[in-house]
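> Okay, here's the prediction I keep looking at, along with the sequence it came from:
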Amino acid sequence: MRELMARHRTLCEQAVDPLEIAAGLEDAGVGPGTAARCRHADVFALAEEMYARVPRRPPDSAAAEPAEPWGSRSGAALRTALAVALPCAALAAVRAVRPAGPVELLAELVAGGALAVGCAGQVPRGRRRPAGLGYGLGAAAVLLLPLVAGAGRPQAAMALAAAVAMGAAEWSARWFRHVGRVHLRGARTIPDFRGRLRPVLPVAVGLYLAALGVLTFTALAVLTVVLPRPGPQPGGLLHAVVQRADGVQWAAQAALGLLLVLATLLLHCGRAGAAAAGLAAGAAATALPVLLPAAGGPLFAGHGVVGAQLLGCGAAGAVLLPCAWVLLGRPGSHR
């Protein structure tokens, strides 16, 4: 017990309640086994004794992390949207003017590098910047694959909408982390904290997917107005926009959005490794049918790159979702 208190003395001295100590112990790998060796039923009971035995020494108020206001969160979301959307828009413009050749290859490399840097810039302050490099490369890969593979104008417009929606993912992740910190200060036990946080993750993901849907519809509407299909358009603009993308394209867009928002949430809660692994898996699974068409099955044969995106991002998102549910529900992710 004394060794454990010495190892986590700073945490115990600056904690405002036992729950914060329990979160720190959980984040450091202290589990029920260690608590049992110290003659306690669980980690929370161990944290209560450590909180009672170690005198408080609060940190300097000037060094305390300030609360993030709504305006700061929105400004960060806008900067992220611009940093991610501009390289994608530039690549789409180059492909429209020069669909093949060395200029297109150079534009792809420059856009990929700029996009990776822009996504890596989402790493929160106080965390290691290199930790977000894998996240940036993975996000750049899944966003640029539809443009690089030449999936058509509607899919290019949807890819640009997903790039702009990265700002919404940034806002949702920052809001989720803010709410998690509020509940961490207010909860009395770890089960109480998890119960309070349980509905927050679906709300954060739902807000992002709603923003992605609005932006995707807007991008398709702009494409329909700027480049209308030849011949009469029965049903007006709304019918023409609906005809631009089928159900598989919308499902692929939702799968891409789910993968991106889960990775962004994990990144902002200190789980950059899991975020990078999920994006890398999604990019690899999407690129595999493009490189080896036999691996894509009938969905890729019938829908091309869109089918590959649905398979790759959907599978990666399905695996990442329960992982994010477990990791983001831990108090250590919100310290």
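That came through, no problem. As the structure is a computational prediction, the values presented were derived from the model and not from experiment.
> quick one, helices of the stretch 151-300 of the chain?
153-164, 166-186, 190-197, 200-226, 236-244, 247-268, 272-291, 297-303 (DSSP state H, counting those that start in this stretch).
> Columns distance to residue 132 on top of the ones you listed, output as JSON lines?
C-beta: built from backbone N, CA, C; applies to glycine. JSON lines is the format used below for the helices of the stretch 151-300 of the chain (distance: least, Cβ to Cβ, whole Å):
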{"stretch": "helix 153-164", "distance to residue 132": "17"}
{"stretch": "helix 166-186", "distance to residue 132": "12"}
{"stretch": "helix 190-197", "distance to residue 132": "24"}
{"stretch": "helix 200-226", "distance to residue 132": "19"}
{"stretch": "helix 236-244", "distance to residue 132": "34"}
{"stretch": "helix 247-268", "distance to residue 132": "6"}
{"stretch": "helix 272-291", "distance to residue 132": "6"}
{"stretch": "helix 297-303", "distance to residue 132": "31"}
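> and the helix or strand harbouring residue 49, which residues are buried?
Using DSSP states H and E, residue 49 maps to helix 43-53. Buried positions in helix 43-53, judged by neighbour count with 16 or more other Cβ atoms under 10 Å: 43, 44, 46, 47, 48, 49, 50, 51.
> same question, stretch 86-94
Buried residues in stretch 86-94 (16+ other Cβ under 10 Å): 86, 87, 88, 89, 91, 92, 94.
> Closest to residue 152 out of the buried residues of helix 43-53?
residue 43 (53.4 Å; Cβ to Cβ).
> which residues touch that closest one?
22, 25, 26, 30, 31, 32, 34, 35, 190 (Cβ atoms under 8 Å, 6 or more residues apart in numbering).
> isn't residue 245 right next to residue 152, touching?
No. Contact status for residue 245 versus residue 152: not in contact, 9.9 Å apart, counting by Cβ atoms under 8 Å.
> out of the two, which sits in the busier spot?
Using other Cβ atoms under 10 Å as the criterion, residue 245 and residue 152 rank with residue 245 on top: 22 against 16.
> Let me see the contact set for the more buried one.
154, 155, 158, 216, 220, 253 are the contacts of residue 245 under Cβ under 8 Å, 6+ apart.
> Setting the sequence-adjacent residues aside, check what's closest to the last one.
Ranked by Cβ to Cβ, 6 or more residues apart in numbering and with sequence neighbours excluded, the top spatial neighbour of residue 253 is residue 158, at 5.2 Å.
> can you count the residues close to the closest residue to residue 136 other than its chain neighbours?
Nearest residue to residue 136, sequence neighbours excluded (Cβ to Cβ, 6+ apart): residue 120, at 3.2 Å. If you count neighbours by other Cβ under 10 Å, residue 120 ends up with 22.
> Quick one: work out the angle between whichever helix or strand comes after the helix holding residue 49 and helix 153-164.
For helix 43-53, the following helix or strand on the C-terminal side (DSSP H and E) is helix 70-97. If you take axes from the mean of the first three to the mean of the last three Cα atoms, to 10 degrees, helix 70-97 sits at 150 degrees to helix 153-164.
> helices or strands up against helix 70-97?
The contact analysis (3 or more Cβ pairs under 8 Å, 6 or more residues apart in numbering; DSSP states H and E) places helix 70-97 against helix 102-120, helix 133-148, helix 153-164, helix 166-186.
> Mind telling me which of these the model trusts least?
The stretch with the lowest mean pLDDT among the helices and strands packed on helix 70-97 is helix 102-120, at a mean of 74.
> Right, I'll leave it there.
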